[in-house]
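> fold the following, please.
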Amino acid sequence: MSERSSFANSHLAVQELLRETAAAEAGGLQLGQARVVGVEGRRVVLALENGGQGTVSARMAVGQGYAAAVGDEVLVVGGGGGWFVIGILEGAGTTTLVAPGDIEFAAPRGRIEFIARDGVFMKSGLVEIVADKLQLTARHVLERFTDLTQWVAEAVHQRFGRLRSHVDGDYDLKAGRIKELADEEVTIDGKKIYLG
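Predicted coordinates:
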């Protein structure tokens, strides 16, 4: 979506909200803030800001995909004919984006960032990452695989503070040349050791 079309859509949304507000005032409807105190599918139970009417049931009329949560602060319009949530002022619910086909995020002249406080989760039959340079930074890394195959065309450089390996089955190492160097003692322990 271009910047121009994004601005146009935002402008239309504002104009629509202004029209709804004017229509509400003309028809004797109330427009104000409320807090979600209950969720019933696409309907929510609201405690109006003025508190004069106790709680009311309202229909969600915001963008598709948002599931309200208890505690949300919302913008509502309504009266005797019913109540409608037309905006989310402060929400903690889940927004789900669903498309009948593929979804593509593109930033031809910029970057894309995903920022989350509690984590990022991806689930798929296949996840592919293609990059000229891949950089990972983490305090702790845990990897679990059934099988792992690595293929490196040139060299692997690794540096560790300590290294410990535990292999339940066979350990097989084959190389054109092996060179091992230790600053202190070397211990080899086994029931049988074959040299040559």
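> quick check: residue 83 vs residue 50, distance?
Note on residue 83: its distance to residue 50, by Cβ to Cβ, to the nearest Å, is 13 Å. Placement of C-beta: from N, CA and C, glycine included.
> neighbour count winner among these two?
Taking neighbours as other Cβ atoms under 10 Å, residue 83 and residue 50 compare with residue 83 leading, 23 against 10.
> which strand is the longest one in this structure?
Secondary structure of the chain read by DSSP state E shows that its longest strand is strand 30-40.
> helix or strand with the lowest mean pLDDT in the protein?
Ranking every helix and strand in the chain by mean pLDDT, DSSP states H and E puts helix 3-26 at the bottom, with a mean of 54.
> give the buried residues for stretch 75-89.
Buried residues in stretch 75-89, counted by 16 or more other Cβ atoms under 10 Å: 75-78, 83-88.
> wait, which of the residues you listed is closest to residue 56?
Minimum distance to residue 56 across the buried residues of stretch 75-89 is 5.0 Å, recorded for residue 83 (Cβ to Cβ).
> what kind of secondary structure is that closest one in?
strand (DSSP: H, G, I helix; E, B strand; the rest coil).
> please name the residues that touch it.
For residue 83, the contact set (Cβ atoms under 8 Å, 6 or more residues apart in numbering) comprises 46, 56-59, 76-77.
> now it: closest residue in space that isn't a chain neighbour?
Closest residue in space to residue 83, ignoring its immediate chain neighbours: residue 58 at 3.7 Å, by Cβ to Cβ, 6 or more residues apart in numbering.
> now that neighbour: which helix or strand?
Using DSSP states H and E, residue 58 sits in strand 55-60.
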